[in-house]
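Chemist: Provided below are the primary sequence and the corresponding predicted coordinates.
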Amino acid sequence: METMDTSAPPSAFRSVRAPGGRPIDFEAVASLVSATADIAVVVDSGGIVTDIALGDKSLAENGYSEWIGRPWVDSVTVESKPKIEELLRSDHFGGDGRWRQVNHKVPDGPDLPVNYLVFKLAGDERLLAFGRQQKAVAQLQQRLIEAQQMVEREYARLRHSETRYRMLFQSTSEPVLIVDAANMKIMEANPAACALLGEDMTKLAGRNILPKFAAADRSILETLFSTARSTGRVSAVAAHVAENGHETSVTASLFRQEKSNCFLVRLGRDRSESASTGESGGESLSDVISMLPDGFVVTDERQVVLTANGAFLDLVQLANESQAKGESLSKWFSRADLDVQVLLNSLRDHGTVRNFATELTGELGVREDVEISAVSVPGDNGTIYGFAIRQISAAAKRVERDLDDTEMHRSVEQLTKLVGRVPLKEIVRETTDMIERMCIEAALDITQDNRASAAEVLGLSRQSLYVKLRRFDIGESGIADDD
């Protein structure tokens, strides 16, 4: 039990008397305070603090000694003053009263929330206020608010991204359709596809895509979609539109949306139509890409930059697009050998990559944490890659860093508590295991759970990594190739 006067029990507690006039033993009162409250405050009839006792030693450094001799109401923030005044003049004390939360001012620190219940001392006009600190609750509330704000920001970002990419989908001059891979029904079609097929979106939505082409070409298209369903993507085939007989090329790429598979179907525009419409659609698409707030880059199979928008040039600190063209995209990756290889392996295996976290280094040495979403698009002249690069906000990094710091603090605190109870040799071994586990988990996170790449990052053989995965029970323990 800690009080402001360590040489003798506080006078207020020495003078407490039970009904009948017999003094109550101070040790009993102190034990009661320690068991039921973090802080006890004695206030006289004028609202002046006469004594304080602390049941939580961590509160001693918050300046409570300065309260004695001053009005209790001066120790709280402005919005809490009416609550203190209500506690002092209430006709209901102890079991008949109710807990009230107030916020105490703390020098050089955040306000401290405390719940108080007031008792009237027998035989005089003084009051005894029992308090329970709510610091842990306040911290949880603050973290909840930060998490909610982060979720709201992410939701707004996703909504804005959807708006931008829907605008891109609608404005591109290339006919594009989204088709459900399970039943071959058209889910979405952009205006260029509607014009090519000779029907508007209201008539195309929910209809099977195969009858939109000539009967003689449907077997070829069935083979095309079957192959795309198995391999993820196929080369273009020629087909004729049933409505007007125009010849067009058809390509299909498989991608996953939520829990279902879909085809991204691209149609080659009819040559006569292309000649009549000119290149205005292509110019519009170029304008949209150049105005995107997120970085956008297109490369060939060797990762040589073919085109890049202004947002990407800002990230890598270039003045114009000509400085980026012809350069390898890996030039600006901080971990080029590892990150580019992992990214390309995922693109070759799955066709798309979402939210790949990495770091870019600009021409002037400035580093930026980014997330990359990418897609591979096969074409007649080889595969091209598109990369959407989003800079990670400082707020998101701060919240993530705070969470990581909290976990690290807890781990270190748990280890320091072993001092005196466990030999130093065992504490060092526990600390080494903790750091080793964290490094392995970080490497798996960086490489998106690719164990071969994780072993390379950590400087371990693949077999040594598998042994450590089993030891720390991280992921599946089975040994499998991740190339």
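Modeler: Good, I have the coordinates. The structure presented is a predicted model; accordingly, all values stated were derived computationally and were not measured. Residues are numbered from 1 along each chain as shown.
Chemist: State the distance from Asp473 to Arg462.
Modeler: The spacing between Asp473 and Arg462, counted by C-beta to C-beta, to the nearest Å, is 18 Å. Quick note: C-beta positions are derived from backbone N, CA and C, even for glycine.
Chemist: same question, Ala40
Modeler: Looking at Ala40 against Arg462, where the rule is C-beta to C-beta, the gap reads 62 Å.
Chemist: Neighbour count: these two, which is higher?
Modeler: Ala40 (27 against 15; other C-beta atoms under 10 Å).
Chemist: That one against Tyr64, yeah?
Modeler: No. Ala40 is beyond contact range of Tyr64, at 10.8 Å (criterion: C-beta atoms under 8 Å).
Chemist: Find residues that contact each of these two.
Modeler: 52, 54 (C-beta atoms under 8 Å, 6 or more residues apart in numbering).
Chemist: Could you work out the end-to-end span of stretch 70-87 for me?
Modeler: Terminal residues of stretch 70-87 lie 17 Å apart, using C-alpha to C-alpha, to the nearest Å.
Chemist: how far is it from where the chain is centred?
Modeler: Averaged C-alpha coordinates place stretch 70-87 at 39 Å from its chain's average position (C-alpha atoms, centre = their mean, to the nearest Å).
Chemist: Give me the contacts around that stretch.
Modeler: Against stretch 70-87 from outside (C-beta under 8 Å, 6+ apart): 41, 43, 46-49, 67, 88, 100-105, 111, 116, 118, 127, 129.
Chemist: Buried residues of it, list them for me.
Modeler: 72-73, 75-76, 80-81, 83-84, 87 (16 or more other C-beta atoms under 10 Å).
Chemist: Which of those fall in helices?
Modeler: 81, 83-84, 87 (DSSP state H).
Chemist: Adding pLDDT and distance to His350, write those out as CSV.
Modeler: Below are these laid out as CSV (pLDDT from 0 to 100; distance: C-beta to C-beta, whole Å):
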residue, pLDDT, distance to His350
Lys81, 89, 61
Lys83, 88, 58
Ile84, 86, 62
Leu87, 84, 63
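Chemist: Nearest to Asn345 among these?
Modeler: Lys83 (61.3 Å; C-beta to C-beta).
Chemist: The closest one and Lys120: what is the separation?
Modeler: 18 Å.
Chemist: got it, and Thr361?
Modeler: Distance from Thr361 to Lys120, counting by C-beta to C-beta: 69 Å.
Chemist: With Glu368 instead?
Modeler: Counting by C-beta to C-beta, the gap from Glu368 to Lys120 is 63 Å.
Chemist: Those two - which one has more neighbours?
Modeler: With neighbours defined as other C-beta under 10 Å, Glu368 and Lys120 compare such that Glu368 has more, 19 against 16.
Chemist: Next, the contact list for the more buried one, please.
Modeler: 315, 359-360, 362, 391-392.
Chemist: do that again at 10 Å, thanks
Modeler: Neighbour list for Glu368: 295, 314-317, 332, 334, 358-362, 389, 391-392 [criterion: C-beta atoms under 10 Å, 6 or more residues apart in numbering].
Chemist: repeat for Ala182
Modeler: 229, 260-262.
Chemist: Same question for Val250.
Modeler: 175, 177, 209, 213, 217, 220-221, 224-225, 234, 236-239, 265-268.
Chemist: Gly362 versus Val316, what's the distance?
Modeler: 5 Å.
Chemist: about what we covered before: out of the ones in helices among the buried residues of stretch 70-87, which comes closest to Leu140?
Modeler: Lys83 (21.7 Å).
Chemist: Please tell me how far that closest one sits from Phe263.
Modeler: 63 Å.
Chemist: Val237 now?
Modeler: Distance from Val237 to Phe263, by C-beta to C-beta: 14 Å.
Chemist: what do these two both touch?
Modeler: Among the neighbours of Val237, those also in contact with Phe263 (C-beta under 10 Å, 6+ apart) are 224, 251-252.
Chemist: Of these - the most surrounded one?
Modeler: Counting by other C-beta under 10 Å, top hit in the shared contacts of Val237 and Phe263: Ala252 with 25 neighbours.
Chemist: Secondary structure element holding that one?
Modeler: strand 247-257 (DSSP states H and E).
Chemist: Show me which parts of that strand are buried, residue by residue.
Modeler: Across strand 247-257, burial judged by 16+ other C-beta under 10 Å covers 248, 250-255.
Chemist: nearest to Glu441, of those residues?
Modeler: Phe255 (28.9 Å).
Chemist: quick one: the closest one from Ala189, how far?
Modeler: Taking C-beta to C-beta, one finds Phe255 at 16 Å from Ala189.
Chemist: can you check Val305 too?
Modeler: 31 Å.
Chemist: Tell me which of the two has more neighbours.
Modeler: Ala189 (27 against 22).
Chemist: show me the contacts for the more buried one.
Modeler: 169, 175-179, 195-197, 199-201, 204-205, 207, 209, 212, 265, 267.
Chemist: If anything else comes up later, I'll come back, but that's it for now.
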